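A.B. asks: Here is my input, please return the structure:
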Amino acid sequence: MIPLILYASETGNAQDVSHRISRSFRAQGRKVTCQSMDTFPISSLIHVPLLILVTSTHGRGDPPPAMMDLWKALLRSNLPDDILEDVHFTLFGLGDSSYERFCYAGKILARRMEGLGANKLGEYGWGDERSPNGIEDAFIPWLQQTLDTFLPYLPVSPDYVPISSTELPPPIYSLTPIATSSKRTNGDLDIPLDGLSISSTPNGHSTSAPTRVEDTLRDEDDGLVKPDDWVWATLRKNERVTKGDWWQDVREIELEFEDDVTPYLPGSICSLQPQSSKEEVDDFLEMMDLESQADIPMRVDSLLQEQPLPQHLPPSSKPTTLRSLLTNHLDIRCSPRKSFFEWLRRLSPDEREQERLDEFIDDPDEIHTYATRPSRSIVETLADFRQTKIPLSHILEILPPLRRRQFSIASSWDAHPGNVQLLVALVEYKTNLKIPRRGLCSQWLDQLTIGTRIPIHISPPTLFLPPNPETPVILVGPGTGVAPMRAFVETRVKQGAIENTALYFGCRSKYADLYFSEELQKYGEMGVNIQIAASRDQEEKVYVQHLIKENKEEVQEWLVDRGGYVYISGSSNAMPREVREALAWCVSMEGAGTFTEEESTEYIERMFEEKRGGEESW
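C.D. replies: Next up is the predicted model:
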């Protein structure tokens, strides 16, 4: 009997927690399987006797994308109430108690599992990032409880050798040079290295490719590779749309599909796979003394029969190199988590480094001060621990995955057939150490030249317009949150729903960051209710929620009398909550409605529950 750990991760925290759990089981000589929820065959769930679920919470308490298929399957109304009676499980949820629905995805998943007959083993854990020691305050006792509960049911592996917490465990994955690999794929070892390339530019330069499970070679003439479920696109526009003297660099990105594709729906999501810079990859290779192995063709394998390769690594059937892995699959730019310092402690031969690493492991505040707060990267951290080297045998376990970045599509297919337009704010800032920083994806996008060919992935929307164009729709999109709202406006204009569409757009200055200004003026002249809150253009700040209250009669009529819809998109700070409060005020007796304060709040919340309201925040 082998426990199964299923995780749904949005930023990588839930995945990191899951790997820590699996290492704890293996340290006790027990076998365990750990994988993402979206890679697990859902029909097999009823045959899992011991299950550990780990999930983050997305948006307004929504399940993260990796949990959605499992969640939808569990919600089927025709499932017997005892279908999971042979499953024994526990759950750890990650969240932030400053949000309204703390760990909500984990809570509804646990409730549904129990409702289908699954047996609860031990108390659930709720990791709070706002806790004094972050999620550690809940995770450490929960993990110990889980081990105490599960281990008695599990046999010890016959080859188990106990090791201390500071010793290096046996590797789980291997990187094997193809020339010495005992498993030969394609019947040929003469695999061209240019088959590792993914994006090419008119000047002949190429960069390496992200590969995913079930990738296949395509376009053999130029050796380009892409994941099966991604499509080729060519960069046609990469233009700054904020003024040159403005503090923020926001870009309009336009990508043209290379092949015939199914038209995407308004509100769809476009994923991009950024790459680590050549300079940082070279620095990492030099510090780890791995330069001589960087460009040797290798294959990735799992050394444990019960543990599949994680989704972010290339499948065993595809050749790769260490340089390609560091460029496209493994993140050396992110800030290290506690697990990274635990790995370094196992590897460090230096007594002074060991003492410093022990301080990090024992006190999460030390990690926050050293790494998280100043955004110190893994490469920079390794530069501070010069005596510690990450061996090739463990590099796939120690380095976190390089996440793809998702952006709401700012265009509709009807208005821009064959193209995807994005509105992207480049991340640039100075740390508390006054060190300039640029986000990994921002740096990659900034360097892309017109004509670059890259793979992209289109995911279905989470927000859907009402089917009837006569249904009123209120769109709220401050900042780059206007991206999906612009796509909705384009769609509503095409549907002839101009008079039933209102857009509330917030910016700081009409001079500097009023995105799509000419279009918004045109739509306003056509009859769309365009409301612009330029917060810094007057002495008293004006936000979208203020303009919503000024239009209380229309809001009341559209949302209550006519059964309208409302959508909110933008930063996940206080804005979404304050917008919902403004909407509730409009439909209350204090505004223009007939509801009490409590009834108006319940009405707006019910709209979101019934999908007459939607929120997309980040």
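A.B. asks: which stretches of the stretch 1-150 of the chain form helices?
C.D. replies: Ranges of helices in the stretch 1-150 of the chain, per DSSP state H, counting those that start in this stretch, are 13-27, 68-74, 104-115, 136-150.
A.B. asks: can you pull out the strands in the stretch 251-400 of the chain?
C.D. replies: Listed in chain order, the strands of the stretch 251-400 of the chain (DSSP state E, counting those that start in this stretch) span 269-272, 298-302.
A.B. asks: how about the shortest one as CSV, C-alpha atoms only?
C.D. replies: Read that as strand 269-272. The C-alpha trace of strand 269-272 is given here as CSV (Å, rounded to 0.1, in the frame of the first residue of the first chain):
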residue,chain,number,x,y,z
ILE,A,269,-6.1,32.9,-20.9
CYS,A,270,-2.8,32.9,-22.8
SER,A,271,0.2,31.1,-21.3
LEU,A,272,3.8,32.0,-22.1
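A.B. asks: What is the neighbour count of residue 292?
C.D. replies: When neighbours are defined as other CB atoms under 10 Å, residue 292 has 8 of them. All C-beta atoms are positioned from the backbone trio N, CA, C, and that covers glycine.
A.B. asks: re earlier: of the helices of the stretch 1-150 of the chain, which is nearest residue 304?
C.D. replies: Closest to residue 304 of these, according to CB to CB: helix 13-27, at 8.7 Å.
A.B. asks: That closest one packs against which elements?
C.D. replies: Where contact means 3 or more CB pairs under 8 Å, 6 or more residues apart in numbering; DSSP states H and E, helix 13-27 is packed against strand 4-8, strand 33-36, strand 50-55, strand 88-95, helix 136-150, helix 338-347.
A.B. asks: Please identify which of these is closest to residue 617.
C.D. replies: strand 88-95 (14.4 Å).
A.B. asks: any low-confidence regions in the stretch 351-500 of the chain?
C.D. replies: Applying pLDDT under 70 to the stretch 351-500 of the chain flags residues 430-435.
A.B. asks: ranges for the helices of it?
C.D. replies: Using DSSP H, counting those that start in this stretch, the helices of the stretch 351-500 of the chain run over 351-362, 364-367, 378-384, 395-398, 440-447, 482-495.
A.B. asks: Distance to residue 254 added to those helices, as JSON lines?
C.D. replies: What follows is the helices of the stretch 351-500 of the chain, written out as JSON lines (distance: least, CB to CB, whole Å):
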{"stretch": "helix 351-362", "distance to residue 254": "44"}
{"stretch": "helix 364-367", "distance to residue 254": "40"}
{"stretch": "helix 378-384", "distance to residue 254": "32"}
{"stretch": "helix 395-398", "distance to residue 254": "36"}
{"stretch": "helix 440-447", "distance to residue 254": "12"}
{"stretch": "helix 482-495", "distance to residue 254": "13"}
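A.B. asks: mind checking which of those helices is nearest residue 251?
C.D. replies: helix 440-447 (6.8 Å).
A.B. asks: pull the CA atoms of the closest one into CSV?
C.D. replies: This file holds the C-alpha atoms of helix 440-447, laid out as CSV (Å, rounded to 0.1, in the frame of the first residue of the first chain):
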residue,chain,number,x,y,z
LEU,A,440,12.0,36.9,-15.1
CYS,A,441,9.1,37.0,-17.6
SER,A,442,9.5,40.7,-17.9
GLN,A,443,13.1,40.5,-18.8
TRP,A,444,12.4,37.7,-21.4
LEU,A,445,9.5,39.7,-23.0
ASP,A,446,11.6,42.9,-23.1
GLN,A,447,14.3,41.1,-25.1
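A.B. asks: tell me which residues of that helix are tucked away?
C.D. replies: Using 16 or more other CB atoms under 10 Å as the test for burial, helix 440-447 gives 440-446.
A.B. asks: I'd like these as TSV, with distance to residue 551 appended.
C.D. replies: As requested, the buried residues of helix 440-447 are exported to TSV (distance: CB to CB, whole Å):
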residue	distance to residue 551
440	41
441	37
442	36
443	41
444	41
445	37
446	39
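A.B. asks: hang on, the earlier thing: next, format the strands of the stretch 251-400 of the chain as JSON lines and append mean neighbour count and distance to residue 526.
C.D. replies: Formatted as JSON lines, those follow (neighbours: other CB atoms under 10 Å; distance: least, CB to CB, whole Å):
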{"stretch": "strand 269-272", "mean neighbour count": "20", "distance to residue 526": "27"}
{"stretch": "strand 298-302", "mean neighbour count": "20", "distance to residue 526": "55"}
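A.B. asks: what's the closest of those to residue 605?
C.D. replies: strand 269-272 (25.0 Å).
A.B. asks: burial measure for the spatially closest residue to residue 348 that is not a sequence neighbour, as a count.
C.D. replies: The shortest distance from residue 348 to any non-neighbouring residue, by CB to CB, 6 or more residues apart in numbering, is to residue 388 (4.4 Å). The local packing of residue 388 (other CB under 10 Å) involves 21 other residues.
A.B. asks: One more: residue 72?
C.D. replies: 11.
A.B. asks: which residues does it contact?
C.D. replies: Contacts for residue 72 (CB atoms under 8 Å, 6 or more residues apart in numbering) come out as none.
A.B. asks: And the pLDDT for it?
C.D. replies: Looking at residue 72, its pLDDT is 94.
A.B. asks: cool, and the one 10 residues further on?
C.D. replies: You'll see residue 82 listed with a pLDDT of 95.
A.B. asks: I'd say it and residue 114 touch.
C.D. replies: No: the pair residue 82 / residue 114 is not scored as a contact, 11.4 Å apart, by CB atoms under 8 Å.
A.B. asks: between the helices and strands packed on helix 13-27, which one is nearest to residue 585?
C.D. replies: Using CB to CB, the nearest of the helices and strands packed on helix 13-27 to residue 585 is strand 88-95, at 27.8 Å.
A.B. asks: Identify the neighbouring strands of the closest one in the sheet and state each direction.
C.D. replies: Under the criterion DSSP bridges, strand 88-95 sits next to strand 50-55 (parallel), strand 119-120 (parallel), strand 125-128 (parallel) in its sheet.
A.B. asks: Tell me the helices and strands packed up against the longest strand along the chain.
C.D. replies: The single longest strand within the chain, with elements called by DSSP state E, is strand 231-240. Applying 3+ CB pairs under 8 Å, 6+ apart, one finds that strand 231-240 contacts strand 250-257, strand 419-425, strand 453-459.
A.B. asks: residues contacting the residue nearest to residue 348?
C.D. replies: With CB under 8 Å, 6+ apart, residue 388 has these contacts: 344, 347-350, 353, 382.
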